[in-house]
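In: sequence first, then the predicted structure:
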Amino acid sequence: MVLAPQQAVVLVHGLWMSRWSFAWIAKHLQSKGYKVYRFGYKTSSKPFAFNMQKLQAFVNSRSEKTVHLVVHSMGGILSMRCLPEIRKAGKLVMLGSPVNGSQASKAMGQKKWTSWMLKHATEPLENGVINPEVFRESLMIAGTSNSIGIARLVTKLPKPNDGTVALNETKADWIGQHTTENTNHFRMLFHKNIKQKISDFLIKT
């Protein structure tokens, strides 16, 4: 299925990652006819409010009428907090976003040897999405492999989890659809079933 050119997707990466982490998913969505933009930001070294303003301006400045958001991890918190100022229509797909706050991040903040690592990402990761005001048709895809991730270094996550984010941290009543894959937090960016679920959800009317 080839889409009309007025549909685009903005990809928003997570903590300590870059826009290139979405390269595989970007290629897949381009093959489906979407104009794909990869949004990059300084996840911990810049104030979260600055990153919000940057993302809002980036999405609103796209020429396409419909701009979907496909986001990973902390990118979901950033995107949800931005929605009141985003003027473009579109859907939202979140991959392993701890919308209820991250237990791993809270544990990191309590330990001297890790507390310095999060910097400006501390507040959004600890608190997640607070009192969401604007909603899009949305899908959350969460990992359930219970595998090794950064959380294992600082805390014990409830099962199931993806090694970094627990399943219960990805659930909220404002999320339209919620599904899982047996994968970890990083590998979901390269998972065949996940890329297909993303495009199926965006195409479905």
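Out: It's in.
In: C-alpha from now on. contacts and neighbour counts both.
Out: Fine.
In: surely E64 meets Q7?
Out: Yes: counting by C-alpha atoms under 8 Å, a contact exists between E64 and Q7, whose distance comes to 5.8 Å.
In: who's more crowded, the two?
Out: More neighbours surround Q7 than the other of E64 and Q7, with 19 against 16 (other C-alpha atoms under 10 Å).
In: now do the helices in the protein.
Out: Counting by DSSP state H, the chain has these helices, from start to end: 23-31, 48-60, 74-82, 103-109, 112-118, 122-127, 192-203.
In: how far does the longest one sit from the chain's center?
Out: Pointing back at helix 48-60 there. Computed by C-alpha atoms, centre = their mean, to the nearest Å, the separation of helix 48-60 from the middle of its chain amounts to 15 Å.
In: who touches that helix?
Out: Helix 48-60 is contacted from outside by 10, 39, 41-43, 67, 78-79, 81-83, 85-88, 120-121, 124, using C-alpha atoms under 8 Å, 6 or more residues apart in numbering.
In: buried subset of these?
Out: Buried residues within the contacts of helix 48-60, counting neighbours by 16 or more other C-alpha atoms under 10 Å: 10, 39, 41-43, 67, 78-79, 81-83, 86, 88, 120-121, 124.
In: same question for stretch 49-68, mean pLDDT?
Out: Average pLDDT, stretch 49-68: 98.
In: buried residues in that stretch, which are they?
Out: Taking 16+ other C-alpha under 10 Å as the basis for neighbour counts, the residues of stretch 49-68 that come out buried are N51, M52, L55, Q56, V59, N60, R62, E64, T66, V67, H68.
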